[in-house]
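1. Build the 3D model from these lines:
(chains A, B, C and D)
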There are 2 protein chains.
Amino acid sequence: MAGVLDRASLEAVARLFGVLAEPTRLALLQALKAGPRAVSELAEELGAKQANVSKQLGVLHAAGLLARARDGNLVRYSVAESMIFELCELVCGKLRRDAERQLSALAPAKKRK
Amino acid sequence: MAGVLDRASLEAVARLFGVLAEPTRLALLQALKAGPRAVSELAEELGAKQANVSKQLGVLHAAGLLARARDGNLVRYSVAESMIFELCELVCGKLRRDAERQLSALAPAKKRK
DNA sequence: ACACAATATTGCCAAGTAGTAATATTTTAA
DNA sequence: TTAAAATATTACTACTTGGCAATATTGTGT
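-> Sure, this is the predicted structure:
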């Protein structure tokens, strides 16, 4: 369905993947999957510094993955692209398969399902 | 379906996304979508240096995304995880939607489909 | 106006890495 | 054993960026 992408499109795709290529940002997305959270809540939940949480949320927001909403003194972020969870599921599936293959190579004959 | 991932799992997922976060590697995957290719073929097809193509193919192979097969003097690489194209499709879809939104914000009332 | 709390920003450093030129390795063919 | 071709590796440079401390900004209540 999709033709061949030019260099600029490939760079855009790569940039998006790059946003997801950091454990801290993935942890933030995972926490936000349960619902909107304020910066300080996320910082405590992840055990991370406020400055860094704010910075990484900014990266995710700039990429269009998060929505930002002021609520008095707080700023609540929420997931704006549920697509990211499909992405993560695909990757997790591959990692699970890899791990299984590695296991069965050491311990033959495993139960199927 | 998937529970909460620990730090190590998040790092593994991030590492995978990181492999896809480079335009050159995406271009290689795109070229390989049409079928197996030798290193020199890919270098010419992309207009890139042999050393860099070999290096990036190595990264993709180490990540388990490509298969490697010697064929005489050549080494042919091929896609080992078709999942990556689903990933790219999801990302491309988001980018298309973003671009459309940006367009319709400037030029109201566009034709549907 | 003030103090206080939550968030954002700035300057910095250390680590990681894409790309390159040069060189090494592997394979084929004489 | 040679030479030549294809691929991989090494050493290097330039650039990017995650995390941090300090500071600035924004909003709330008094």
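2. Kindly provide the distance from the residue positioned nearest the centre of chain A to chain B.
-> Compute the mean C-alpha point of chain A, and by Cα atoms, centre = their mean the closest residue is residue A:26, 3.4 Å away. Shown here: residue A:26 relative to chain B, a distance of 5 Å by Cβ to the nearest Cβ, to the nearest Å. All C-beta spots, glycine's among them, are computed from the backbone N, C-alpha and C.
3. In contact with that residue, which residues are there?
-> Going by Cβ atoms under 8 Å, 6 or more residues apart in numbering or on different chains, residue A:26 touches A:20, A:88, B:5, B:10, B:13-14.
4. swap in residue A:65?
-> By Cβ under 8 Å, 6+ apart, the contact list for residue A:65 reads A:19, A:29, A:79-81, A:84.
5. Filter these down to the buried ones and hand me the ChimeraX line.
-> Those of the contacts of residue A:65 that count as buried under 16 or more other Cβ atoms under 10 Å in any protein chain shown are selected in ChimeraX with:
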select /A:19,29,79,80,81,84
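6. packing partners for the lengthiest helix in chain A?
-> The residue-count maximum for a helix in chain A (DSSP state H) belongs to helix A:83-106. Applying 3 or more Cβ pairs under 8 Å, 6 or more residues apart in numbering or on different chains; DSSP states H and E, one finds that helix A:83-106 contacts helix A:23-32, helix B:7-19, helix B:83-106.
7. Check the burial of residue A:16 by counting its neighbours.
-> Neighbour count for residue A:16, taken as other Cβ atoms under 10 Å in any protein chain shown: 26.
8. separation between the spatially closest residue to it that is not a sequence neighbour and residue A:11?
-> Counting by Cβ to Cβ, 6 or more residues apart in numbering or on different chains, residue B:91 is the residue found nearest to residue A:16 once chain neighbours are left out, at 5.0 Å. Using Cβ to Cβ, to the nearest Å, residue B:91 is found at 12 Å from residue A:11.
9. how about stretch A:22-35: buried residues?
-> Of all the residues in stretch A:22-35, those buried under the rule 16+ other Cβ under 10 Å are A:22-32.
10. How about it and DNA strand C, touching?
-> No - Stretch A:22-35 lies out of reach of DNA strand C by Cβ under 7 Å from any atom of the strand, never closer than 11.2 Å.
11. Please export the alpha-carbon coordinates of that stretch; PDB is fine.
-> These are the backbone C-alpha positions of stretch A:22-35, laid out as PDB (Å, rounded to 0.1, in the frame of the first residue of the first chain):
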ATOM      1  CA  GLU A  22      14.500   5.900  25.700                       C
ATOM      2  CA  PRO A  23      13.500   3.800  28.700                       C
ATOM      3  CA  THR A  24      12.400   6.800  30.800                       C
ATOM      4  CA  ARG A  25      10.100   8.100  28.100                       C
ATOM      5  CA  LEU A  26       8.600   4.600  27.700                       C
ATOM      6  CA  ALA A  27       8.100   4.400  31.400                       C
ATOM      7  CA  LEU A  28       6.300   7.700  31.300                       C
ATOM      8  CA  LEU A  29       4.000   6.500  28.500                       C
ATOM      9  CA  GLN A  30       3.400   3.300  30.500                       C
ATOM     10  CA  ALA A  31       2.400   5.200  33.600                       C
ATOM     11  CA  LEU A  32       0.100   7.500  31.500                       C
ATOM     12  CA  LYS A  33      -1.600   4.500  30.000                       C
ATOM     13  CA  ALA A  34      -3.600   4.200  33.300                       C
ATOM     14  CA  GLY A  35      -4.700   7.800  33.000                       C
END
